[in-house]
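J.: Structure, please.
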Amino acid sequence: MNTRFYILVFLFSFSNSYTQIENEIPAPFNIKTISFVQNNNNVLPFFKLGDTFELQFDDLFGNEADYYYTITQCNYDWTPSNLAKVEYLNGMDNQRIITYENSFNTLQLYSHYRQQFPNKFNRITKTGNYVVKVFNDEQEIVFSKRFILYNESVSVLSEVRRARDFESLNQKQNIELTIKYGDLSLQNPVQNVKISIFQNGNWNNVITNIKPQYTIGTELIYRYNKETQFWAGNEFYTLDNSQIRVTNNSVGRVTSGDIYNSHLYTNNARKNNIYTYFPDFNGNFVVLNYGSENSQIEADYSWVYFTLSAPDFFDKEEIFVTGMFNNYAMNEENKMVYNKESGLYEKAILIKQGYTNYQYTIKSKNNTINAKDAIDGNFYQTENNYTILVYYKGNNDRYDSVIGISNTNSEGIRN
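T.: Numbers count the residues shown, from 1 in each chain. Below you'll find the model as predicted:
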């Protein structure tokens, strides 16, 4: 009996040690403009439990294909939680997405899909990390997206400050925060409370696994320097093709074929320039066909031709065009190609009409983001949005709940 018990314990421990992290699965070429939408705006995927939001995407095949979705709860580290689905989901998932429309008066045909949460088939009942997976009618996974549901059980105060160390004083932004849990009963909060800090909703550089630096009564204080620093980057570029046939200060030339082609002006690396402020959406995008009644189905797609002059980076790094429009993905579809004849980096990407923020991201040869040597530099004055999420898992809890959130901006950065 004892031998069998120890074997079971060993097998359980072994399986847990190899629990797979639920990374986002990128969509195939025909699936575009995946976004979470709330109040008709593309938003970061952080929602208060019970609030209504939508997952939207386009299928460029435009054949009204059937798509289904499932919902999986995850732990703080994005491994699947130990809860059964009935413990966090009221109703059934694996439902067909039944709300869709075909594009209207566009050269690029597409079907636009919308799935609302919560809905009449299911409702998520617990806070935490979640992954929505979208499948085709053959139950093959098409793509997956992460989102987070929270409650505001604790108060989170946060602000952005300049770095204190001399080396990064002018290049980084530091996040300081205080978690006030008051009368809320938390077991061993120093160990059981965790945080995640996001910069402009980018999953690629999120800061996690930072413990409080010290406590005062029922307050958890995070006043680190290096541990909570972000490279500040520079303001995003903005593509404006809301009037798809018109040139402007971002589009230098428009040609037409099967669909429109938007040729952008050449961007010059700004690393060695002085910082210049200009408004952006902090990586976000707005789908808009100027003058249409319903841009979600009347906005067209165009091939957008990006051109970058960055001679200092030739043959040293891989460069990608990234933003929320492509989930900051560093893949072949967004990878720039060096043109030896012109001495420029070039890339054409299919993008939905409107206002689109983008940046140039370097991936080093060790497959990590090289933020230190950013093409457009790092300036502490850069205006960035930061989101802090607070997690808690008691000694006997079986999942990580999200008990607080704070949003702050670096526009009023302090020394």
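J.: The protein: helices as residue ranges?
T.: Chain-ordered helices for the chain, with DSSP state H as the definition, fall at 2-17, 85-88, 189-192, 295-298.
J.: Could you tell me the least trusted of those helices?
T.: The minimum mean pLDDT among the helices of the chain belongs to helix 2-17 (a mean of 46).
J.: low-confidence ranges in this structure?
T.: Counting by pLDDT under 70, the chain contains low-confidence ranges at 1-18, 315-316.
J.: go with 90
T.: When the per-residue scores of the chain are filtered using pLDDT under 90, the ranges that remain are 1-19, 164-168, 225, 291, 311-317, 364-369, 412, 414-415.
J.: Can you give the domain ranges for it?
T.: Listed by automatic domain parsing, the domain ranges of the chain are 19-150, 155-232+382-412, 237-363.
J.: okay, these in TSV with mean neighbour count and distance to K372 next?
T.: Bear in mind the C-beta positions are built from the backbone N, C-alpha and C, glycine included. Rendered in TSV, the data for the domains of the chain read as follows (neighbours: other Cβ atoms under 10 Å; distance: least, Cβ to Cβ, whole Å):
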stretch	mean neighbour count	distance to K372
domain 19-150	17	24
domain 155-232+382-412	17	7
domain 237-363	18	9
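J.: In this structure N272 contacts I375, no?
T.: No: N272 is beyond contact range of I375, at 10.6 Å (criterion: Cβ atoms under 8 Å).
J.: now the closest residue to I21 other than its chain neighbours: how far from A374?
T.: Leaving out its chain neighbours, the residue that sits closest to I21 by Cβ to Cβ, 6 or more residues apart in numbering is W78, at 4.9 Å. Noted for W78: a distance of 26 Å to A374, by Cβ to Cβ, to the nearest Å.
J.: same thing with A27?
T.: With distances taken as Cβ to Cβ, A27 is found 27 Å from A374.
J.: One more: Y181?
T.: Taking Cβ to Cβ as the measure, Y181 falls 37 Å from A374.
J.: Could you do S256 as well?
T.: Using Cβ to Cβ, which is the criterion applied here, S256 is 35 Å from A374.
J.: swap in K180?
T.: Separation of K180 from A374 (Cβ to Cβ): 35 Å.
J.: Ok, N200 next?
T.: The span separating N200 from A374 equals 14 Å under the rule Cβ to Cβ.
J.: doesn't Q199 make contact with F230?
T.: Yes: here F230 lies in contact with Q199, judged by Cβ under 8 Å, at a distance of 4.9 Å.
J.: Mutual contacts of those two, please.
T.: With contacts taken as Cβ atoms under 8 Å, 6 or more residues apart in numbering, F230 and Q199 have N205, N384, Y386 as neighbours in common.
J.: now, which of those residues sits nearest N170?
T.: Closest approach between the shared contacts of F230 and Q199 and N170, by Cβ to Cβ: N384, at 15.0 Å.
J.: Now do that closest one against T322, distance only.
T.: 15 Å.
J.: which residues does the closest residue to V390 other than its chain neighbours contact?
T.: Once flanking residues are discounted, V390 sits nearest to G404: 3.7 Å by Cβ to Cβ, 6+ apart. The neighbourhood of G404, defined by Cβ under 8 Å, 6+ apart, consists of Y150, N151, E152, S153, V154, S155, V156, I179, L389, V390.
J.: Restricted to strands, list the residues you listed.
T.: Counted as lying in strands by DSSP state E, out of these, are Y150, S155, V156, I179, L389, V390.
J.: Let me see the contact set for the nearest residue to the fourth one once chain neighbours are set aside.
T.: Which is I179. Closest residue in space to I179, ignoring its immediate chain neighbours: L220 at 4.2 Å, by Cβ to Cβ, 6+ apart. Neighbour list for L220: T178, I179, Y181, P189, V190, V193, P212 [criterion: Cβ under 8 Å, 6+ apart].
J.: now, the most widely separated pair of those residues?
T.: For the contacts of L220, with distances taken as Cβ to Cβ, the pair at the greatest spread is T178 and V190 (14.0 Å).
J.: Can you give me the distance of T368 to K340?
T.: In this structure, T368 and K340 are 27 Å apart, going by Cβ to Cβ.
J.: try T70
T.: Counting by Cβ to Cβ, the gap from T70 to K340 is 47 Å.
J.: is it true that L169 touches I413?
T.: No: taking contact to mean Cβ under 8 Å, the distance of 11.9 Å between L169 and I413 leaves them out of contact.
J.: Between the two, which contacts overlap?
T.: R162, Y380.
J.: need the strands for the stretch 101-250 of the chain, in chain order.
T.: Taking DSSP state E, counting those that start in this stretch to define them, one finds strands in the stretch 101-250 of the chain at 111-117, 122-124, 128-136, 141-150, 155-162, 172-180, 193-199, 207-208, 214-216, 219-222, 229-231, 237-240.
J.: can you redo those strands as TSV with distance to Y345?
T.: As requested, the strands of the stretch 101-250 of the chain are arranged in TSV below (distance: least, Cβ to Cβ, whole Å):
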stretch	distance to Y345
strand 111-117	32
strand 122-124	43
strand 128-136	32
strand 141-150	27
strand 155-162	31
strand 172-180	26
strand 193-199	24
strand 207-208	29
strand 214-216	47
strand 219-222	39
strand 229-231	21
strand 237-240	14
